[in-house]
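Turn this into a model:
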Amino acid sequence: MSFNPDQPRDSDGKWSGGGSGGSIERIASQHLGVDSLVPQGRDSADFHTVSVTSVRAALGDAAGGISNREAEKIAAKHLGIDSLTPQGRDSLDFHEVNVEGIRSALTAAVQTRSDQRFSGRMTMREAPREVARRR
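Numbers count the residues shown, from 1 in each chain. Predicted coordinates for the structure are as follows:
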């Protein structure tokens with residue numbers, strides 16, 4: 001079952017996702033310090049400064065493991081972040097992103113995991129966990 005952005009909330013009212021650890025709201029809070037993925041209509045609540053390493057960790061958690069190339073494609077498309085490799089410069093390593101971009105990026109990561117699972121494209125690291133999960 002894949003994530004459906006048209007039905008974004010689970011029974012507890014959280015944005016739902018798959019991956020390795022539950023809701024994308026929990027992932028956003030844990031990795032990015034974002035408590036709500038619902039736009040509030042205020043810049044102070046809707047825009048957050050995030051580091052490239054925290055974005056990479058959040059996308060990896062949402063997808064249950066994702067290649068750097070896939071994570072960078074998602075970050076570029078949904079967040080406007082070209083590289084998730086730390087460059088040692090604040091202007092390149094920290095970005096202002098909005099909650100809608102974060103939600104769509106995490107949703108895309110969950111969908112990538114779902115697509116990989118159904119197409120059989122799993123990494124060697126993921127395959128043993130998936131076999132154990134199916135037993």
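
Please make it C-alpha for all contacts and neighbour counts, starting now.
Will do.

Hmm, residue 53 is touching residue 87, no?
No. Counting by CA atoms under 8 Å, residue 53 does not reach residue 87; the two are 10.6 Å apart.

Compare these two and say which is more crowded by neighbours.
Taking other CA atoms under 10 Å, residue 53 and residue 87 do not tie; residue 53 has more neighbours (16 against 11).

Check for me that that one belongs to a helix.
Yes. Residue state for residue 53 (DSSP: H, G, I helix; E, B strand; the rest coil) corresponds to a helix.

could you check the distance from it over to residue 31?
Separation of residue 53 from residue 31 (CA to CA, to the nearest Å): 9 Å.

tally of neighbours for the closest residue to residue 98 other than its chain neighbours?
Leaving aside its chain neighbours, residue 98 sits nearest to residue 47 (4.3 Å; criterion: CA to CA, 6 or more residues apart in numbering). Residue 47 is flanked by 19 other residues according to other CA under 10 Å.

same thing with residue 105?
Neighbours of residue 105 using other CA under 10 Å come to 25.

Would you agree it falls within a helix?
Yes. Looking at residue 105 with three-state DSSP, it is inside a helix.

got the contact list for it?
59, 74, 75, 78, 79 (CA atoms under 8 Å, 6 or more residues apart in numbering).

Kindly indicate which of those residues lies nearest residue 26.
residue 59 (12.2 Å; CA to CA).

ok, the closest one touching residue 106?
Yes. The criterion here is CA under 8 Å, and residue 59 meets it with residue 106 at 5.9 Å.

give me the low-pLDDT residue ranges for the protein?
Within the chain, the stretches with pLDDT under 70 are 1-22, 114-135.

Name the SS class of residue 48, please.
strand.

Okay, it and residue 57: tell me how far apart.
16 Å.
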